[in-house]
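>>> need coordinates for the following:
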Amino acid sequence: MNWKYLRVAPWIDTRARFVAGIPKRGRLLDLGSSDGGTLKHIAELRPDLELHSSDVAGEPENYPPHTQFKRSDFDAAALPWPDDYFDAVTCMHVVEHLKRPQFLIGEAARVLHAAGRIYVETPHPRSTELDSARGDGAGQVTLNFYDDPTHVNPVRADSIAAWMRENALDPIQSGVSRNLLFSAAYPLYLIAGSTSRHRYVAQLHFTGWSSYVIGEKRRRDGNG
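As a prediction, this is how the structure comes out:
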């Protein structure tokens with residue numbers, strides 16, 4: 001789905017709703033950009049944003065034009081940006097790959113300016129109990145947490161919220177991440193008996209496979 005179509009109704013998608021709320025011409029850092037799929041959606045929704053990206057590997061050649069990319073090992077190194085630099089940080093499906101996820105949350109808090117916000121998304125712990133995808137979807141969609149061999153440990157939303165509080169971030173919202181259109185399509189795939197990749201992606205949204213926490217950086221005077 002091209003996110004430009006969500007400009008009039010970003011509430012349809014949990015991630016889009018967060019991105020839509022970033023200040024105009026704001027500076028966004030996306031952590032763990034991988035192949036750039038999410039970054040492209042962000043640029044579709046908010047072409048006014050100044051995009052920055054970091055990943056231990058990444059594919060910056062596939063990122064939106066003018067994205068400023070810096071490679072970083074999130075478990076071992078400080079993020080290569082100064083304090084108080086960004087209006088927003090997105091960190092989607094990264095913390096479950098790390099040995100020290102709390103370290104990255106601290107670094108993200110450092111590079112956010114006062115009142116800046118961070119969106120952290122990760123597989124819900126219930127994902128460890130799900131059956132793996134079958135048929136055409138097998139190997140195409142991570143349904144059981146351990147389908148992805150690079151996953152280290154499930155991360156609970158309350159743990160993310162605790163790490164935020166330890167780093168001058170106030171958790172202001174949490175829940176499950178969904179695209180409502182994909183969720184609505186899932187019963188249709190079930191009726192059709194589909195085992196396609198699209199069926200399993202719809203299942204992820206229908207079941208609330210991912211949880212998220214949004215944090216806001218405290219002002220130094222302790223107000224707001």
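>>> look through the chain and tell me its longest strand.
strand 112-123 (DSSP state E).
>>> keeping just the C-alphas, turn that one into CSV.
Written as CSV, here are the backbone C-alpha positions of strand 112-123 (Å, rounded to 0.1, in the frame of the first residue of the first chain):
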residue,chain,number,x,y,z
LEU,A,112,15.7,13.2,20.6
HIS,A,113,15.1,16.8,21.5
ALA,A,114,12.8,17.8,24.4
ALA,A,115,9.2,16.8,23.6
GLY,A,116,10.4,14.7,20.7
ARG,A,117,8.7,11.3,20.3
ILE,A,118,9.9,7.7,19.7
TYR,A,119,7.8,4.8,18.3
VAL,A,120,9.0,1.4,19.2
GLU,A,121,7.4,-1.7,17.7
THR,A,122,8.2,-5.4,18.3
PRO,A,123,6.5,-8.8,18.0
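>>> other SSEs contacting the helix or strand just after it?
Going down the chain from strand 112-123, the next helix or strand is helix 157-166, by DSSP states H and E. Counting contacts by 3 or more CB pairs under 8 Å, 6 or more residues apart in numbering; DSSP states H and E, helix 157-166 packs against helix 101-111, strand 112-123, strand 169-177, strand 210-217. Placement of C-beta: from N, CA and C, glycine included.
>>> now residue 35, nearest residue through space, not along the chain?
Once flanking residues are discounted, residue 35 sits nearest to residue 59: 5.0 Å by CB to CB, 6 or more residues apart in numbering.
>>> gap between that neighbour and residue 200?
23 Å (CB to CB, to the nearest Å).
>>> more crowded one of the two?
Applying other CB atoms under 10 Å to residue 59 and residue 200 shows that residue 200 carries more neighbours, namely 24 against 13.
>>> surely that one and residue 133 touch.
Yes - using CB atoms under 8 Å, residue 200 makes contact with residue 133 at a distance of 4.6 Å.
>>> could you tell me which residues touch both of those two?
By the contact definition CB atoms under 8 Å, 6 or more residues apart in numbering, residue 200 and residue 133 are jointly contacted by 140-141, 143.
>>> quickly list what the most centrally placed residue in the chain is bridged to.
Nearest residue to the geometric centre of the chain (CA atoms, centre = their mean): residue 92, 2.1 Å. Residue 92 forms beta bridges with residue 121, as assigned by DSSP bridges.
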